[in-house]
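> Test case, fold it:
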Amino acid sequence: MRRRPRFDPGIPPEILPPDFAIRHDLHNYLYFRPTFGLLAPQPWAPLADAEWAALRPFLAEHGCGVSD
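Okay, the predicted model is just below:
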């Protein structure tokens with residue numbers, strides 16, 4: 001099993017401690033935060049039959065417990 005490479009922000013250790021970005025979750029803040037709020041929040045609603053029909057092949061292909 002290969003280990004996932006550790007996030008390396010490329011900040012010299014004399015400027016910030018090596019684990020600063022991880023401790024403060026900067027990778028999420030810098031990469032994912034700009035995508036939050038692009039759409040207005042939608043109320044929860046169950047999937048329609050057509051939406052389930054569209055998802056069924058994908059779920060069956062990936063072994064998610066859906067059988068035909």
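
> use CA for all of it now, contacts and neighbours both
Noted.

> ok, the residue nearest to the spatial centre of the chain to residue 38 distance?
Taking Cα atoms, centre = their mean as the criterion, residue 32 is the residue nearest the geometric centre of the chain, at 8.3 Å. To residue 38, residue 32 is 11 Å away according to Cα to Cα, to the nearest Å.

> and if you look at residue 21?
Applying Cα to Cα to residue 21 and residue 38 gives a distance of 25 Å.

> of these two, who's got more company?
residue 21 (18 against 7; other Cα atoms under 10 Å).

> pLDDT wise, what is the more buried one at?
With respect to pLDDT, residue 21 scores 70.

> what about it, which SS state?
With DSSP: H, G, I helix; E, B strand; the rest coil as the basis, residue 21 sits in helix.

> Quick check, it in contact with residue 27.
Yes - the criterion here is Cα atoms under 8 Å, and residue 21 meets it with residue 27 at 6.7 Å.

> Quick check: which element contains residue 27?
Following DSSP states H and E, the helix or strand that holds residue 27 is helix 26-31.

> In PDB, could you pull the C-alpha coordinates for the very next helix or strand once past that helix?
Moving toward the C-terminus from helix 26-31, the next helix or strand (DSSP H and E) is helix 49-61. Output of helix 49-61 as PDB, limited to C-alpha atoms (Å, rounded to 0.1, in the frame of the first residue of the first chain):
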ATOM      1  CA  ASP A  49     -37.500   8.500  -9.900                       C
ATOM      2  CA  ALA A  50     -35.700   9.900 -13.000                       C
ATOM      3  CA  GLU A  51     -32.700  11.000 -10.900                       C
ATOM      4  CA  TRP A  52     -32.500   7.500  -9.300                       C
ATOM      5  CA  ALA A  53     -32.700   5.900 -12.800                       C
ATOM      6  CA  ALA A  54     -29.800   8.100 -13.900                       C
ATOM      7  CA  LEU A  55     -27.700   7.100 -10.800                       C
ATOM      8  CA  ARG A  56     -28.600   3.300 -10.900                       C
ATOM      9  CA  PRO A  57     -26.000   2.300 -13.500                       C
ATOM     10  CA  PHE A  58     -23.200   4.200 -11.800                       C
ATOM     11  CA  LEU A  59     -24.000   2.800  -8.400                       C
ATOM     12  CA  ALA A  60     -24.300  -0.800  -9.700                       C
ATOM     13  CA  GLU A  61     -21.000  -0.400 -11.600                       C
END
